[in-house]
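>>> My questions are about this predicted structure, shown below with the sequence.
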Amino acid sequence: MRQFVGKRYWLIGGSEGLGLALAKKLSGAGAKVILSGRDEERLKTAVAEMPGHAEAVPVDVQSDESIRTALETIGEVDGIVFNAGVYWPMTAQEWDRKAIDAMLDTNLMGLVRLVSAVLPGMIARDRGHLVVTGSIAGFRGLPGAIGYAASKAGVVGLTESLYADLRGTGVDVQLVNPGFVNTRMTAKNKFRMPFIMEPDAAARHIFEHMCSDNFRLNFPAPFSSFFRFAQLLPDGLFFRLVGRR
């Protein structure tokens, strides 16, 4: 079981919602947490809520320079949680190139930029813990998820490849794929969200997963099991079940 006492963890996207709830879990477990996001005031408020040692370092994952500057400030860490993300519900008929670019640039390319900056050091030290937040929305194309589902599918694929190459080394890679979590992002949805969880409950799942040696966690179980099974369904049946006419 992984221990967090005295370890330094960098949480990107840790100023609110799921990231903030997970930061509290890690801080409560004895980790020294560094919270990053774009909103400095929100970060200060988040740091004040931590039960243990915490600091705020602003970062914009859409910028290589911002990530490099943050890393220079933070220095070496034991683990990183990539939880940065943006979301706008959107159908093909509502295609918004600017919003799609933002989702891909933050959710997927933000991860690429982060990994580019930190992975060589982790490999050289043969030590590190990288936790990536994907989504059940990355399993298959979904209605009303133009941009977001594509970005999360890329995140899931990239993290699987990282794990495939790094398993057996000192660099641990873990992937978490939550369903709906009650946050500012999902508040944009106008449809019923089955099995929606509060951030604290979702963070508890992720923290328990981080304590383990397992690679992937899909949750909540009933909802995620349907989507895992749906990956095996013929297209015609799958899109009749979830698609819009």
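Cool, the structure landed. Since this is a predicted model, take the numbers as computed values, not measurements. Numbers count the residues shown, from 1 in each chain.

>>> All the helices of the chain, in order from the start?
Assigned by DSSP state H, the helices in the chain fall at 17-28, 40-48, 64-74, 97-103, 109-125, 148-166, 199-211, 221-230, 235-242.

>>> I'd like those helices laid out as CSV, including mean neighbour count, mean pLDDT and distance to Glu55.
To be clear about C-beta, it is placed using only N, CA and C from the backbone, and glycine gets the same treatment. Rendered in CSV, the data for those read as follows (neighbours: other Cβ atoms under 10 Å; pLDDT from 0 to 100; distance: least, Cβ to Cβ, whole Å):
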stretch, mean neighbour count, mean pLDDT, distance to Glu55
helix 17-28, 23, 97, 11
helix 40-48, 16, 96, 6
helix 64-74, 15, 97, 8
helix 97-103, 15, 97, 27
helix 109-125, 17, 97, 18
helix 148-166, 19, 97, 26
helix 199-211, 18, 97, 20
helix 221-230, 15, 89, 34
helix 235-242, 12, 89, 43
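
>>> Tell me which of those approaches Gly134 most closely.
Of all those, the one in closest proximity to Gly134, counting by Cβ to Cβ, is helix 148-166 (4.5 Å).

>>> Might you calculate how far the closest one sits from the centre of the chain?
Relative to the centre of its chain, helix 148-166 is centred 11 Å away, using Cα atoms, centre = their mean, to the nearest Å.

>>> Tell me which other helices or strands that helix touches.
For helix 148-166, the elements it packs on are helix 97-103, helix 109-125, strand 128-133, strand 171-178, judged by 3 or more Cβ pairs under 8 Å, 6 or more residues apart in numbering; DSSP states H and E.

>>> hmm, who's touching that helix?
87-90, 103-104, 106-108, 111-112, 115, 119, 123, 130, 132-135, 137-142, 172-175, 177, 215 (Cβ atoms under 8 Å, 6 or more residues apart in numbering).

>>> Just the buried ones from those?
Using 16 or more other Cβ atoms under 10 Å as the burial test, those include 87-90, 103-104, 106-108, 111, 115, 119, 130, 132-135, 137-142, 172-175, 177 as buried.

>>> what's the distance between Ala117 and Ala164?
In this structure, Ala117 and Ala164 are separated by 21 Å, where distance is defined by Cβ to Cβ, to the nearest Å.

>>> got it, and Ile196?
32 Å.

>>> Could you verify my assumption that Asn177 touches Arg216?
Yes: distance between Asn177 and Arg216: 7.1 Å, which falls inside the contact criterion (Cβ atoms under 8 Å).

>>> about what we covered before: can you say which of the helices and strands packed on helix 148-166 is nearest to Gly52?
Of all these, it is strand 128-133 that lies closest to Gly52, at 18.0 Å by Cβ to Cβ.

>>> where does Phe191 land on pLDDT?
If you check Phe191, the pLDDT there is 88.

>>> Let me see the contact set for the spatially closest residue to it that is not a sequence neighbour.
Take Phe191 and drop its neighbours on the chain: the residue closest to it by Cβ to Cβ, 6 or more residues apart in numbering is Gly144, 7.4 Å away. Residues near Gly144 by Cβ under 8 Å, 6+ apart: 89-91, 191, 244.

>>> for Ala54, same thing?
If a contact means Cβ under 8 Å, 6+ apart, then Ala54 has 23, 27, 32-35, 46-47 as its contacts.

>>> All set, thanks.
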